[in-house]
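Chemist: Compute the structure for the input listed below.
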Amino acid sequence: MARRLRDNSGNIVALELDVKEMAHTLAIEIDDLKSWQASIPVYARSSGELVYRIKNVNELNHLKKRVALLRTRMSEQAVANVEDAGLLDSYAALAGDCPDGITAHVWRSYALVVLMQVRYGRMIDAKELAERAGLTEADSDGNTQASESMAKKHLRLLQALGYLKIGTGDWENQWEHRGLPESWRGA
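Modeler: Prediction:
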């Protein structure tokens, strides 16, 4: 059972949960929780068991957003990069309707391709996708540049899974797609 930590006034200042309770709270498997320790840090070990500490609802919601991205099988480093860029909220919203087999990062590329076409009538290519989506890689000198090769991989995966198709007939010079992700449709 979760242990409530109180201050001198009796107010609850944190909860300590064991691994089973934390996994239940975040609605994930225990094995996933144990493997995501960089994103969901362990507070302590007690009698060989992992102990997690949550200080407030905001911290819990922050962890849930990380979990949403990790569930799409983004790496912990990729999640950290998204968070460092200040994009955790938007990626977490996007991850909510991300199909199986696609990371939130690739799903964002899909959303951007469709948005550019729906809003501006433009079929963007890998080069423009890399620039607009901020897909980067380091060159031999360590400088970052737009990664057209990563954008091509995203486009190939989306085509292979049937989310994008190069159009013909009325769709010539356009992507055939399944519409904007739910989180990008707006109110």
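Chemist: what sits against the residue most central in space within the chain?
Modeler: The centre of the chain sits closest to L69, judged by C-alpha atoms, centre = their mean, with a distance of 3.0 Å. Contact partners of L69, counting by C-beta atoms under 8 Å, 6 or more residues apart in numbering, are A78, V79, V82, L88, Y91, A92, A95, A104. Just so you know, the C-beta spots here come from the backbone N, C-alpha and C atoms, and that holds for glycine as well.
Chemist: How about the fourth one, nearest residue that isn't a chain neighbour?
Modeler: Closest residue to L88 apart from its sequence neighbours, by C-beta to C-beta, 6 or more residues apart in numbering: K65 at 5.3 Å.
Chemist: So the one you found is in contact with S90, correct?
Modeler: No - using C-beta atoms under 8 Å, K65 is not in contact with S90, being 9.9 Å away.
Chemist: Within the sheet, what are the partner strands of the lowest-mean-pLDDT helix or strand in the chain, with directions?
Modeler: Across the helices and strands of the chain, mean confidence by mean pLDDT, DSSP states H and E is lowest for strand 3-6: a mean of 83. The pairing partners recorded for strand 3-6 under DSSP bridges are strand 12-18 (antiparallel).
Chemist: Let me see the mean pLDDT of the strand it pairs with.
Modeler: Throughout strand 12-18, pLDDT has a mean value of 89.
Chemist: Report the buried residues of that strand.
Modeler: Judged by neighbour count using 16 or more other C-beta atoms under 10 Å, the buried positions of strand 12-18 are A14, L15, E16, L17, D18.
Chemist: Among the contacts of L69, which are located in strands?
Modeler: With DSSP state E as the criterion, strands contain none of the contacts of L69.
Chemist: hmm, which two among those are most spread apart?
Modeler: Largest separation among the contacts of L69 by C-beta to C-beta: A78 and A92, giving 13.2 Å.
Chemist: Next, H177: phi, psi?
Modeler: phi -150, psi 180 (degrees, to the nearest 10).
Chemist: Just give the closest residue to it, not the sequence neighbours.
Modeler: In this structure, H177 finds its nearest non-sequential neighbour in V114, 4.9 Å apart by C-beta to C-beta, 6+ apart.
Chemist: Put the alpha carbons of the helix or strand containing the one you found into CSV.
Modeler: According to DSSP states H and E, V114 maps onto helix 104-120. Extracted in CSV, the C-alpha atoms of helix 104-120 (Å, rounded to 0.1, in the frame of the first residue of the first chain):
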residue,chain,number,x,y,z
ALA,A,104,5.2,9.2,-31.8
HIS,A,105,8.1,10.8,-33.7
VAL,A,106,7.1,9.1,-36.9
TRP,A,107,3.4,9.9,-36.3
ARG,A,108,4.4,13.5,-35.9
SER,A,109,6.0,13.3,-39.4
TYR,A,110,2.7,11.9,-40.7
ALA,A,111,0.7,14.7,-39.1
LEU,A,112,3.0,17.3,-40.6
VAL,A,113,2.8,15.8,-44.1
VAL,A,114,-1.0,15.7,-43.9
LEU,A,115,-1.2,19.2,-42.4
MET,A,116,0.9,20.8,-45.1
GLN,A,117,-1.3,19.1,-47.7
VAL,A,118,-4.7,19.8,-46.1
ARG,A,119,-4.0,23.4,-45.1
TYR,A,120,-1.6,24.5,-47.9
